[in-house]
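Enquirer: take this sequence and fold it.
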Amino acid sequence: MEEKEAGAQLFDLCRRHGIREQTFHRSKAKFGGIDFNEARRRKQLEDENRWLQHLVADLTLDPEKVATVRIRFLGSGDAFGSGGRLQTCILMESGSVRCLIDCGASSLIALKQAAVDPNDIDTILITHLHGDHFGGIPFLVLDGQFSRRSRRLRVVGPPGLTDRVTQAMEVFFPGSARAQRKFETEFVELVEGTPSFVDPLRVTPYGVIHACGAPPYALRVELDGRTIVYSGDTEWTERLVPAVAGADLFISEAYFYDKPVRFHLDYATLMQHRSQLDCKRLIITHMGPDMLAHVAELPVEAAHDGLEVSL
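Expert: Model prediction:
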């Protein structure tokens, strides 16, 4: 709204932010004349209210009728395809909900190999802005455009997400960021430590340590009474402890076996802190060649492309 007041054309504004004019007018009617901080506070209260309603509805369900949350590792590799693995692409499913946690550059291939229609993806959650974690978004958007996708696509991640995806689209396919599409692409930029209700998900970002030109996050995702946490890429940080607390599943990177390096977790360090991580289940992923050489002898679960788990 501030850009519009500064003279930006509504048509160009909506294209740049991936929203429809109706969405802009609805937001203006709701938040027009309110400063940014107050608008954000009201939005957070609305999100929290919707989440509480959703939680109450879950609590009243017969436990036998609660949906199973399924996690599918469509891509479990590092940036360099170590072990022939595809880049990070974790599919979370429950009922009609289909959400990706990270969307590396090879994610469209991963989806189609697994016979998952990309147009069925509702939401993409991004931990940080490296190509092997968000680089698949331009391909997914363009595929949706050419396959006549009509349902909204929400892309949720750290500050800078909107600009970085737009820049990537223009690098890969000049003009694609400004193309007219039949579906709305909604970007949501998360605030560290602040839960966001991305219906029906509750997503809480925790700041971690990884150089990527924007804030990197571990993501705590709550869906249908289950809690899944993904570390993203990070060296060990105590911020992982509250992020993981009480989780049904913690998905953690383990890039090296026992070699500590900046910005990445190694398996030995992860195990040193295992007692601090209050989770029912741990699966390691994002493994480099050194780690893959030891994976068969490990006493923990390790992801591979195609691994499915149910919670």
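
Enquirer: the strands in the stretch 1-150 of the chain, which residues?
Expert: 70-75, 89-94, 97-103, 123-125 (DSSP state E, counting those that start in this stretch).

Enquirer: ok and the longest one relative to strand 89-94, angle-wise?
Expert: Going by axes from the mean of the first three to the mean of the last three Cα atoms, to 10 degrees, strand 97-103 is angled at 160 degrees with respect to strand 89-94.

Enquirer: so strand 97-103 versus strand 70-75, what angle?
Expert: Per the same axes, to 10 degrees, the angle that strand 97-103 makes with strand 70-75 is 30 degrees.

Enquirer: give me the mean pLDDT for strand 97-103.
Expert: Here strand 97-103 scores 97 as its mean pLDDT.

Enquirer: check which helices and strands that strand sits against.
Expert: For strand 97-103, the elements it packs on are strand 89-94, strand 123-125, helix 131-134, strand 217-223, strand 226-230, judged by 3 or more Cβ pairs under 8 Å, 6 or more residues apart in numbering; DSSP states H and E. The way it works is simple: take the backbone N, C-alpha and C, and place the C-beta from them, glycine included.

Enquirer: which among those is found nearest to Asp305?
Expert: If you check each of these against Asp305 by Cβ to Cβ, strand 89-94 wins as the nearest, at 8.9 Å.

Enquirer: need phi/psi at Ile284.
Expert: Note on Ile284: backbone dihedrals following degrees, to the nearest 10 are phi -100, psi 150.

Enquirer: what's the answer for the one 5 residues further on, then?
Expert: Main-chain torsions, Pro289, degrees, to the nearest 10: phi -60, psi -40.

Enquirer: that one: what's it in contact with?
Expert: Ser82, Gly83 (Cβ atoms under 8 Å, 6 or more residues apart in numbering).

Enquirer: from Phe80, how far off is it?
Expert: Noted for Pro289: a distance of 9 Å to Phe80, by Cβ to Cβ, to the nearest Å.

Enquirer: would you turn the strands of the stretch 1-150 of the chain into JSON lines with distance to Thr237?
Expert: Shown next, in JSON lines, are those (distance: least, Cβ to Cβ, whole Å):
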{"stretch": "strand 70-75", "distance to Thr237": "23"}
{"stretch": "strand 89-94", "distance to Thr237": "21"}
{"stretch": "strand 97-103", "distance to Thr237": "19"}
{"stretch": "strand 123-125", "distance to Thr237": "19"}
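
Enquirer: let's have these in a markdown table, adding mean neighbour count.
Expert: As requested, the strands of the stretch 1-150 of the chain are arranged in a markdown table below (neighbours: other Cβ atoms under 10 Å):
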| stretch | mean neighbour count |
| --- | --- |
| strand 70-75 | 24 |
| strand 89-94 | 23 |
| strand 97-103 | 25 |
| strand 123-125 | 24 |
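
Enquirer: closest one to Asp248 among these?
Expert: Using Cβ to Cβ, the strands of the stretch 1-150 of the chain put strand 70-75 closest to Asp248, at 9.8 Å.

Enquirer: what helices and strands are in contact with the closest one?
Expert: So strand 70-75, by 3+ Cβ pairs under 8 Å, 6+ apart, packs with strand 89-94, helix 107-113, strand 308-310.

Enquirer: tabulate the CA atom coordinates of it in CSV.
Expert: Provided in CSV are the C-alpha atoms of strand 70-75 (Å, rounded to 0.1, in the frame of the first residue of the first chain):
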residue,chain,number,x,y,z
ARG,A,70,2.8,-38.3,5.9
ILE,A,71,6.3,-37.0,5.2
ARG,A,72,8.0,-38.0,1.9
PHE,A,73,11.6,-37.1,1.1
LEU,A,74,11.4,-36.5,-2.6
GLY,A,75,14.9,-34.9,-2.5
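
Enquirer: alright, calling it a day.
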